[in-house]
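*Asks:* how would this look folded up:
(2 chains)
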Amino acid sequence: MKKILCAVVVCAGLGLTGAAHAVDSTGGCGLGSMAWRGQSGIIPQSLAITTNGSFGSNTFGVTFGTSGCDPNGRITGGTGRMMLAFLEDNMEQFAMDAAAGKGETIETLAGIMNIDSATLGKEVQRNFAYIFPNDDVEVADVTLRVMEVAHV
Amino acid sequence: MLNTRYLISFILAVLSLTAQSLAAEIVVHQPDSQPWNNIEWIKLLHYKNDSIGLIQSEKFYISDRGMIDPKAEFEAEQKTFNRKQDQRKCDFPARFKWLKKNHYVDGDLMNCTEYQQFIKDIQPQGITVLFTNSFMQNPASLFGHTLIRIDTARKGTQMLAHGANFGANSGTDSGIPFALKGLFGFYWGGYSLNPYWSIINHYNNIENRDIWEYKLNLTDEEMKTFVDHLYEMKYALVQYYFLNKNCSFMLLELLEAVRPALELTEGYEYWAIPLDTLKTLKEVDGLIGDVHYRPARYTKIMHQIEQMNPKEYKVLRESIKDQENYLENLSDDEKRNVLETLYQYYQYKYVAKEIELKAYRRNSFKILRQRSVLSKQEQDEKNYHEKDPVFAHHSFLFSLGTGINHHQSFESIVIRPAYTDLTDRTWGLLPGASVKVLESRWHYYNQKHRLVLQHFIPIHITSLVPTNRIFHQISYRTEVALRRIYDQNLQKQGYIGSLAFGLGQTFELHPSVWFYGLISAHGNYGGFIPHNQYTGLAPEIGVYNDFGGVRLINALENTFSSRHFGRVLQYKTKFSVDLTDQLSAQIGYTYNRYKYGRNNHEYGVDFKYYF
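*Replies:* Prediction:
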């Protein structure tokens, strides 16, 4: 595992609490707090179909089958792939923003989808129970349903 | 006729201007006789004074001798980049563009697929320096951390920007081996790139550290060079040293590469504390533009709690206790406040591994359902009373003072390379945190004409974190020290080395009045004492007042010890006033009541200068 360390911490040498600034950096994927990341890890074919090839990755389904994360740590690809990558890492915040009808994640998604963020906010709040039907919802389903309620 | 004359003079004027500008162009195009010594090129390749490259990976250079020979590298680049089909130029867009601008090479980067994709993904619009401050329970992180954000022109928000982080590749090492290797340069450091949203998650949500965003005022060309240069840095490996070849040093290196006139790395030869480097940037006229603050999750929760009315607070506490949300008697606004705070609370607990995934999901989902049926709340501006760390006190302390100890007058000197103490100004730092590195205190006794070392503290950490009814926080202290003590029986002074560790709790009676209790255990060793090893146990209570420009600390400590001279009741008070940004005055009084021997009073005044 690759770790990142910084911060000038002499006391790290003494083994004090958390003094060593070591951090998991697997290229933007799997930071650990994401309790709602898709459990099965397989993106349904329907997502690829819905987005109509806008993933911008011709290796979709081969290397991209388990995650929207880019190995170079970059935001890349078309609308669907970007939405998925974004929601994978920001599901918690998006769930609250969707319930509240506003917030930074809604503004960001609206930017990715190229639609008005107030409209998106209204739609996701109105359709909250549809987008989040239960507490073990999969990120791929959330992505699809957000697209659906926003008519993208 | 008149018109013709005007026309002729006009044409002549145009011709002469053109000639002048052509002449100017020709001067510019005159190749340097030694272009490899051009400061712009030298800084772009990070050659140091002795012409040896800071970057120690062969891939960063075209020539085999590139790392040690700027001339060979320049010639190799000129030759390679001029070959039409050679793709090596694609790896070094900043260098290529510089060489092209100065007419050393021809061609373009149009066929560089990977580089073009990089620019397309990043969509650069600006450069922002990120500073992440300390997180609770870890005052060591007070030194902070710096990263770079490439702002994006993408629609939406800057969550879609990218952050570049310089760190050491430490493999699976952790703890002491990791720290020692980091100190002594056993790791390779390099850059990694991530979407800004994952940087936010990492620092704000997982480590609970605030993020400060400092937009840099760069010209469009500088901004592009920065991005191109960052792209080149993917091949850059630097021998990583915790103290001076770290994230912050490298940030200064990058900025010097895009604006060679800056001399930022000067003075950071031995250590580069992130907060200090941030101040260096601030000192460059007009370099730092807009500043934006992103509170950590814990900051948000505590802020929301502070804003709550008693009814909301009570419901919040009971809901946490029973894991059941009691919203019946609340207004819609109150419900929103409680639910949004509760949601953040469960996320915090889940990240801290204090609740299971199942309970987390169940509780969160219930909150979301309840929140989603309430209407949207209009934008409420949240004032966090944030304090820009750029204006925190400087880290190096030099203090001069005078005092009386046991009827002997003395002058005192304190030297502390880093970083802060409870008596210092807390603006922009973590209140209640004290981190001292390599502090020494010297007294010159006037009657005896002797200069003595009173104490030397390699490392001292105190972390006072107020506990509350939602979060139970532990306060602690740890110290390694060498102190001069007086053995009353032997009538002799000497040094003891000591290791101490203490735990306790802090209570906030008022935002500027904290009450704390700590119990410390310490082990001591002193060569001059007959039975030279002893241990101690010391309960301490104290009141810490921080009124901004004025601070007052009162502490009472009783030490039980396995040796007679270790048994002592100590009362300490220290009162500090800030005189300027860099100067403060401190009055102190210490009373030691020994179990055996004479009691001792010490009074002192210190003038503390931070730079």
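
*Asks:* Can you find the helix or strand of chain A with the lowest average pLDDT?
*Replies:* Lowest by mean pLDDT, DSSP states H and E among the helices and strands of chain A is strand A:23-24, with a mean of 34.

*Asks:* What's the mean pLDDT across the strand or helix carrying B:Ala168?
*Replies:* Element membership for B:Ala168 (DSSP states H and E) is strand B:162-169. Mean pLDDT, computed over strand B:162-169, is 87.

*Asks:* For chain A, tell me whether it is touching it.
*Replies:* Yes. Strand B:162-169 comes into contact with chain A (Cβ under 8 Å from any Cβ of the partner chain), by way of B:His162, B:Asn165, B:Phe166, B:Gly167, B:Ala168, B:Asn169. Where you see a C-beta, it was placed from the backbone N, CA and C, and this is true even at glycine.

*Asks:* OK, contacts around residue 107?
*Replies:* Going with chain A. A:Ser117, B:Gly156, B:Thr157 (Cβ atoms under 8 Å, 6 or more residues apart in numbering or on different chains).

*Asks:* other chain: chain B
*Replies:* Residues in contact with B:Gly107 (Cβ under 8 Å, 6+ apart) are B:Phe81, B:Asn82, B:Lys84, B:Lys89, B:Lys100.

*Asks:* quick one: which two of these are the most distant?
*Replies:* Using Cβ to Cβ, the contacts of B:Gly107 span at most 13.7 Å, a distance reached by B:Lys84 and B:Lys100.

*Asks:* quick one, which of these two is more surrounded?
*Replies:* B:Lys100 (16 against 8; other Cβ atoms under 10 Å in any protein chain shown).

*Asks:* from the contacts of A:Glu107, which ones fall inside strands?
*Replies:* Counting by DSSP state E, no part of the contacts of A:Glu107 is found in strands.

*Asks:* For those residues, give me a markdown table that also has neighbour count.
*Replies:* Shown next, in a markdown table, are those (neighbours: other Cβ atoms under 10 Å in any protein chain shown):
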| residue | neighbour count |
| --- | --- |
| A:Ser117 | 20 |
| B:Gly156 | 22 |
| B:Thr157 | 19 |
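
*Asks:* Quick check: mean pLDDT of the helix or strand harbouring B:Glu253?
*Replies:* Per DSSP H and E, B:Glu253 falls inside helix B:247-258. Helix B:247-258 comes out with an average pLDDT of 92.

*Asks:* got the angle for it vs strand B:162-169?
*Replies:* Inter-element angle recorded for helix B:247-258 and strand B:162-169: 120 degrees (by axes from the mean of the first three to the mean of the last three Cα atoms, to 10 degrees).

*Asks:* and helix B:247-258, how far from the chain's centre?
*Replies:* Going by Cα atoms, centre = their mean, to the nearest Å, the spacing between the C-alpha centre of helix B:247-258 and its chain's C-alpha centre is 15 Å.

*Asks:* Summarise which helices and strands it is packed against.
*Replies:* With contacts taken as 3 or more Cβ pairs under 8 Å, 6 or more residues apart in numbering or on different chains; DSSP states H and E, helix B:247-258 sits against helix B:39-44, strand B:145-152, strand B:162-169, helix B:220-232, helix B:274-283.

*Asks:* Would you mind putting the CA coordinates of the longest one into CSV?
*Replies:* It stands for helix B:220-232. Extracted in CSV, the C-alpha atoms of helix B:220-232 (Å, rounded to 0.1, in the frame of the first residue of the first chain):
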residue,chain,number,x,y,z
ASP,B,220,-2.4,32.8,-17.8
GLU,B,221,1.0,31.8,-19.1
GLU,B,222,2.4,31.0,-15.7
MET,B,223,-0.7,29.0,-14.9
LYS,B,224,-0.3,26.9,-18.0
THR,B,225,3.4,26.4,-17.3
PHE,B,226,2.5,25.3,-13.8
VAL,B,227,0.1,22.7,-15.1
ASP,B,228,2.6,21.5,-17.8
HIS,B,229,5.4,21.4,-15.2
LEU,B,230,3.2,19.4,-12.8
TYR,B,231,2.7,17.0,-15.7
GLU,B,232,6.5,16.6,-16.1
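
*Asks:* Pull the number of nearby residues for B:Ile404.
*Replies:* Neighbours of B:Ile404 (other Cβ under 10 Å): 13.

*Asks:* Which parts of chain A are helices?
*Replies:* A:45-50, A:79-100, A:104-113, A:117-126, A:128-131, A:139-149 (DSSP state H).

*Asks:* what's the most buried one of the ones you listed?
*Replies:* helix A:79-100 (a mean of 25; mean count of other Cβ atoms under 10 Å in any protein chain shown).

*Asks:* pLDDT weak spots in chain A?
*Replies:* A:1-71 (pLDDT under 70).

*Asks:* Residue 76: what's its closest spatial neighbour, skipping adjacent residues?
*Replies:* No chain specified, so I'll use chain A. Distance criterion Cβ to Cβ, 6 or more residues apart in numbering or on different chains; nearest residue to A:Thr76, sequence neighbours excluded, is B:Asp121 at 4.6 Å.

*Asks:* The chain in question should be chain B.
*Replies:* Once flanking residues are discounted, B:Ala76 sits nearest to B:Ser63: 3.6 Å by Cβ to Cβ, 6+ apart.

*Asks:* so who does that neighbour touch?
*Replies:* Taking Cβ under 8 Å, 6+ apart, we find B:Ser63 in contact with B:Asp69, B:Ala72, B:Glu73, B:Glu75, B:Ala76, B:Glu77.

*Asks:* again with B:Asn405
*Replies:* Applying Cβ under 8 Å, 6+ apart, we find B:Asn405 in contact with B:His443, B:Asn600, B:His601, B:Glu602.

*Asks:* Find the closest residue to chain B in chain A.
*Replies:* Closest contact between chain A and chain B, by Cβ to the nearest Cβ, is at A:Gly111 (1.9 Å).

*Asks:* Could you measure from the closest residue to that residue other than its chain neighbours over to A:Arg145?
*Replies:* Using Cβ to Cβ, 6+ apart and skipping the chain neighbours, the partner closest in space to A:Gly111 is B:Gly156 (1.9 Å). As judged by Cβ to Cβ, to the nearest Å, B:Gly156 and A:Arg145 stand 20 Å apart.

*Asks:* got it, and B:Phe410?
*Replies:* Distance from B:Phe410 to A:Arg145, counting by Cβ to Cβ: 75 Å.

*Asks:* cool, B:His229 as well?
*Replies:* Going from B:His229 to A:Arg145 by Cβ to Cβ gives 42 Å.

*Asks:* With B:Lys353 instead?
*Replies:* From B:Lys353 to A:Arg145 the distance is 30 Å (Cβ to Cβ).

*Asks:* Sort out for me which of the contacts of B:Gly107 are in helices.
*Replies:* Using DSSP H, the contacts of B:Gly107 in helices are B:Phe81, B:Asn82, B:Lys100.
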